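In: Here is the input, now give the coordinates:
(one chain, ligands or ions: 1)
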Amino acid sequence: MTPCFQKFPSYQASLLDVMKNSKAIDDRKLLLLMVAQFVSRLPEGSWANEAQNLIIKLLYDDLPHPPATGVSKKYAYRRSDGAYNNINIPDMGKAGTAYARSVQQTHPLPTKNLPDAGLIFDTLLKRDKFVPHPGGLSSMMFSFAALVIHTVFRTSHDDVGTNETSSYVDLAPLYGNNEETTTALRRLDGRGLLYPDVFAEDRLLLLPPSVCVLLVLFSRNHNYIAKKLYEINERGTFRPPRNLSGDKLRAQDDEIFETARLVNVSWFASAVFSDYFSAILGLVREGSSWSLAPFGEIRNEDHSFFERGRGNACSVEFNCLYRWHATTSRENEQWVTELLQRTFQKPVEDITIEDYFVKYKELQGQDNDMKHWTFGALQRQEDGTFKDEELAEILYDATESEAAAFRARGTPAVMRLHEMMGIEANRRWGVCSMNDFRQFLGLKPYTSFKDWNSDPEIADVAEKLYGHIDFLELYVGLQAEEAKPLVDGAGLCPGYTISRAILSDAIALTRGDRFFTYDYTPYNMTAWGFADCQRDPNGFGFGSTLGRLILRTLPNDFTDNSVYAFFPLMTPKAMRLILDDKKLTDQYDLARPVKCMPTCKVTGRADIVKIMDNRSFVTPYELRASKVCSSEYVAKFLGGSDDQEKVRQLLNDPSISQDILTFFADITEVLIRENSYKLVGGEVQALDVVRDVLKAAPIHWVATELGGIKLKTRTNKDGVYTAEELFNMLGDIYSFIFLDVEAPTLMALEINASKNIKDLQEHINEHLGLSLVGKTAEFIDSFVAKLRNAKKDLHGPIVRKLHDIVGSPEHVAGAILVLMISASVDLSIALTNVLNYYLDSKDTASIRKLAANPGSNSKLEAFVLEALLYDPTFEGVYRMATQDCIVGNTEVKNKTRVFLDIAAGNSVSRLFLPTT
Ligand code: HEM
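Out: Sure thing, here's the model as predicted:
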């Protein structure tokens, strides 16, 4: 024992005390080490035992017990029936198992003493008038909600205690709740695809068409993801399906399909935690993109784990809580009426629960082939897809139609049957009373019917039906409870008990899911898939995920900034008020979308050449550039003005190009030297050549020689940006203007590009000593003179010559910006392609010889030119028609985007294109 412990027993006690109570994990760990040292030298005794027990507890709690996941293929993917979400209790939450019941019933509610379900509907639930939702929620909000609840509830018609679907947010309405159904949806052709526009849940066909449209969008998203996974082929294991057969073909299909399912289901969860939660919590009204992020690791104060990923089983109380039929819009009320009349051929009031079950069985038997299912009177096309514009029309209508408010006497009369089914199912489940449920949630039990609903008529009727508030059934208690007013933090505005409980349920459902927690990894979903399904809080539309989904899957039917795409869960009328209030109306398109001309693809070499030479087709770059550049000159330049050609010639001028060459040679040497590291033995050096040289060298050139921007380096800590930061800034501008970026990302990119251009332009102006705003003609003349005579070290030779070409100081600054944008990213890509081409070449030795031999420059140049054509990702370019015209056999309408498919059959070299 150390002397200090023998001398100061009180010190021992206080150490233990700190160990038990310290909140700082690092303190505890440090103490742990110290105590471990001491304990090893202690004689046996109570203090030693206590200290040892604490150490063991602390160490044990460092890891989850039992382990939450395993690396076997058996656990890697979701099962359609939800089995193995908890690998230790594989049946937890599995489809076809019993509902959970969370709350103990303490008040007897014998069915024979309870009021008739039909009478309850007629007195407490039946809609007396339509009251629009106070928060401006649209009917789409409740279509999405219906999709969410059908993902986790499907009460068996044969055994009301059985949930036929899994208790996980796994998009079961799309993928089915058993393997057999899932297999029937798949093409199984080695690419992991679903058949076009299919889904599995037949009960959704009995819901308004917008619910099915949403599901079709997720179905399309699956195929989009699967195609990307195959194209990117992250692990390099996928082969063209034509080269595979039998088990190998199936194995490849399974891997792509299952990974795409993981990514797509995570998209669904992202939509829940962005658009859906935002509407529920009223965050849209605040213009906030905040949301709960319930999946991450949380440690308790004693460093043990706060549980996650341990599975879930949906309970009957929550099934009851989600019966939100009172929110049905006027349009959907009409739709349900027509559906019931058509299906049952008798007055709606006469339809019984038995009629419903019989009819449902009959419909189920009619067509099991999901490829044929339709809804909303849509027809599938020959290729099995629905027409985009017809799907979009349904979405526009559902977004425009107002949902109804939650309230007693708010459920459409036509839904009497649905409500009676709900009430009777609850009785058979033995669900608790309203007050039992409130107590369970930690809420004060109601003391009277007036306390529950202050409308005297409602309270009075309920009292007459139930006698005492403690006997009020949960179903009726929840559906007819007084609704919350529209206050800060409230968006959904149901009764208070529902609003409190749904949040707990949402966290239980998602935090309990292994695939949203322990197995939510870039390895399982691939790096691309993992990034693709993330909710982006900084994304356009207050971080909307549905906006991204809609623009991806219906690319020609919404404008890039349409509120119909980014805020479909709110009516456009409500959104106008919110955006006006936040002074954001300018950023959004509030009009009902009209179909854009679909992109026209041109493949023939002759037609491509004709279009490129035709002045009626302009590059879309100028249009994009004008959105982010305040200077018209810069936008035109980026779009391909005459000055662009002149500047290109300037760069080829030997007096300039020699300097550029020298700069690149020097900086390349420096970057190689600074970034190389030795392998063991010290003879061979390694280097990340793309990251540290090919991306960095052009950045050093544009920053130093053009923009006069000092870069932060190891030796210069005072620079403005690191090379990587500047590359990313320019990359955003470049991608926005020149690349065919997915529409959903475009809006976020536009905001970044605008800001980056503004910042860079300020640096350039400052470097040139140029702030032209409000300057006199004399100032400008003197600036021009300075530019002409500037010393080489102040402004590089290019800057001095630029003035002669572009004509005004303002244009010099603009031209520098354009060169920075186009010469940095494009050059890095070109250099990387050259290197890749070289590394892929079978004859690297002779190419190396060419490079070493100064006399063989023309051959080397030929190699480089050939390599520049080598861009496996390059497919073609876009042009915009500015009037109706005919090209070859193709008629192109004004405002059509034309894709020139240059890569098709390598018909045309990309080098003949005007470079950007
Ligand atoms: C006009 C729109 C709607 C119609 C026509 C409709 C119709 C139905 C029908 C027919 C059932 C019985 C299903 C069965 O057992 O076969 C049902 C159940 C249910 N509905 Fe709705 N519904 C609508 C909207 C909603 C919405 C917006 C929600 C809530 C977000 C919702 C929540 C539920 C729940 C939780 C069940 C019980 C599901 C189960 O236990 O299997 N419904 N609905």
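In: Give me the domain ranges for this protein.
Out: Domain assignment for the chain by the TED database gives 11-62, 535-587, 600-616+856-915, 629-770+794-839.
In: which one of these lies closest to D383?
Out: Closest to D383 of the domains of the chain, according to C-beta to C-beta: domain 535-587, at 15.5 Å. C-betas here are computed from N, CA, C, even on glycine.
In: Now do the end-to-end distance for that closest one.
Out: Domain 535-587 has an end-to-end distance of 21 Å (C-alpha to C-alpha, to the nearest Å).
In: any idea how far that domain is from the chain center?
Out: The chain centre lies 14 Å from the centre of domain 535-587; the measure is C-alpha atoms, centre = their mean, to the nearest Å.
In: hey, which of the domains of the chain is tucked in deepest?
Out: domain 535-587 (a mean of 21; mean count of other C-beta atoms under 10 Å).
In: Do any residues in that one lie close to the ligand?
Out: No - against the ligand, domain 535-587 shows no contacts by C-beta under 6 Å from any ligand atom, the least distance being 12.1 Å.
In: what pLDDT, on average, does that domain get?
Out: For domain 535-587, mean pLDDT is 93.
In: ok, now stretch 396-403?
Out: Across stretch 396-403, the average pLDDT comes to 98.
In: close to the ligand, is it?
Out: No - contact of stretch 396-403 with the ligand (C-beta under 6 Å from any ligand atom) is absent, the minimum separation being 8.6 Å.
In: tell me how far that stretch is from the chain's mean position?
Out: 23 Å.
In: Show me where the stretch 151-300 of the chain has its strands.
Out: Remark: strands assigned in the stretch 151-300 of the chain by DSSP state E, counting those that start in this stretch are 162-163, 298-299.
In: I would like the residues contacting the first one, please.
Out: Under the contact criterion C-beta atoms under 8 Å, 6 or more residues apart in numbering, strand 162-163 has outside partners A95, G96, T97, A98, Y99, V152, F153, R154, T155, S156, C314.
In: Make JSON lines from those residues and add neighbour count, pLDDT and distance to the ligand to it.
Out: Formatted as JSON lines, these follow (neighbours: other C-beta atoms under 10 Å; pLDDT from 0 to 100; distance: C-beta to the nearest ligand atom, whole Å):
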{"residue": "A95", "neighbour count": "22", "pLDDT": "97", "distance to the ligand": "12"}
{"residue": "G96", "neighbour count": "18", "pLDDT": "97", "distance to the ligand": "13"}
{"residue": "T97", "neighbour count": "19", "pLDDT": "97", "distance to the ligand": "14"}
{"residue": "A98", "neighbour count": "11", "pLDDT": "96", "distance to the ligand": "13"}
{"residue": "Y99", "neighbour count": "21", "pLDDT": "96", "distance to the ligand": "9"}
{"residue": "V152", "neighbour count": "24", "pLDDT": "96", "distance to the ligand": "9"}
{"residue": "F153", "neighbour count": "20", "pLDDT": "96", "distance to the ligand": "4"}
{"residue": "R154", "neighbour count": "21", "pLDDT": "97", "distance to the ligand": "5"}
{"residue": "T155", "neighbour count": "19", "pLDDT": "96", "distance to the ligand": "3"}
{"residue": "S156", "neighbour count": "13", "pLDDT": "95", "distance to the ligand": "8"}
{"residue": "C314", "neighbour count": "23", "pLDDT": "93", "distance to the ligand": "9"}
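In: from the residues you listed, which single one is nearest K346?
Out: Of all these, T155 has the smallest distance to K346: 24.8 Å, by C-beta to C-beta.
In: Quick check: the closest one touching I149?
Out: No - with contact defined as C-beta atoms under 8 Å, T155 and I149 do not form a contacting pair (11.1 Å).
In: count of residues packed around the residue in the stretch 401-550 of the chain that the ligand sits nearest to?
Out: Here the stretch 401-550 of the chain gets closest to the ligand at one residue, H418, 4.6 Å apart by C-beta to the nearest ligand atom. As a burial measure, H418 scores 18 neighbours (other C-beta atoms under 10 Å).
In: which of the residues in the helix or strand harbouring E354 are buried?
Out: Assessed by DSSP states H and E, E354 sits inside helix 353-366. Using 16 or more other C-beta atoms under 10 Å as the test for burial, helix 353-366 gives Y356.
In: Report the mean confidence score over it.
Out: Averaged across helix 353-366, pLDDT comes to 85.
In: Tell me the buried residues in the very next helix or strand once past that helix?
Out: Next in sequence after helix 353-366, counting helices and strands by DSSP H and E, comes helix 388-400. Buried residues in helix 388-400, counting neighbours by 16+ other C-beta under 10 Å, are found at D388, E390, L391, A392, E393, I394, L395, Y396, D397, A398, T399, E400.
In: L214 is in contact with the third one, correct?
Out: No - applying C-beta under 8 Å as the test, L391 and L214 come out as separate, 9.6 Å apart.
In: Can you pull the residues that touch both of these two?
Out: Common contacts of L391 and L214, defined by C-beta under 8 Å, 6+ apart, are absent altogether.
In: ok, back up a step: quick one, which of the strands of the stretch 151-300 of the chain is packed in tightest?
Out: strand 162-163 (a mean of 22).
In: re earlier: L819 is nearest to which of the strands of the stretch 151-300 of the chain?
Out: Among these, strand 298-299 sits nearest to L819 (C-beta to C-beta), with 49.7 Å.
In: State the pair within the buried residues of helix 388-400 that is farthest apart.
Out: By the measure C-beta to C-beta, D388 and E400 form the most distant pair in these, at 18.6 Å.
In: Is the closest residue to L694 other than its chain neighbours in a helix, a strand, or coil?
Out: Nearest residue to L694, sequence neighbours excluded (C-beta to C-beta, 6 or more residues apart in numbering): L831, at 4.4 Å. Here L831 is recorded as helix under DSSP: H, G, I helix; E, B strand; the rest coil.
In: Just the pLDDT at L831, thanks.
Out: Looking at L831, its pLDDT stands at 85.
In: so what's it up against?
Out: Neighbour list for L831: L694, A697, P698 [criterion: C-beta under 8 Å, 6+ apart].
In: re the thing from before, quick check, nearest of the buried residues of helix 388-400 to D436?
Out: Among the buried residues of helix 388-400, A398 lies closest to D436 (C-beta to C-beta), at 36.7 Å.
In: roughly how far apart are that closest one and N453?
Out: Distance of A398 to N453, computed by C-beta to C-beta, to the nearest Å: 30 Å.
In: Flag every residue of the protein that's near the ligand.
Out: Counting by C-beta under 6 Å from any ligand atom, the positions of the chain adjacent to the ligand are 142, 145-146, 149, 153-155, 203, 206-208, 319, 322-325, 327-328, 332, 336, 418, 421.
In: Who are the contact partners of whatever residue of the stretch 751-900 of the chain ends up closest to the ligand?
Out: Of all residues in the stretch 751-900 of the chain, the one sitting closest to the ligand is I751 (33.8 Å; C-beta to the nearest ligand atom). Neighbouring residues of I751 by C-beta under 8 Å, 6+ apart: F540.
In: Strands of this protein, start to end?
Out: 97-98, 162-163, 298-299, 305-306, 600-602, 617-618, 677-678, 685-686, 711-712, 721-722, 877-881, 885-887, 890-892, 897-900 (DSSP state E).
In: For D116, find the nearest of those.
Out: D116 sits nearest to strand 162-163 of all those, at 26.0 Å, using C-beta to C-beta.
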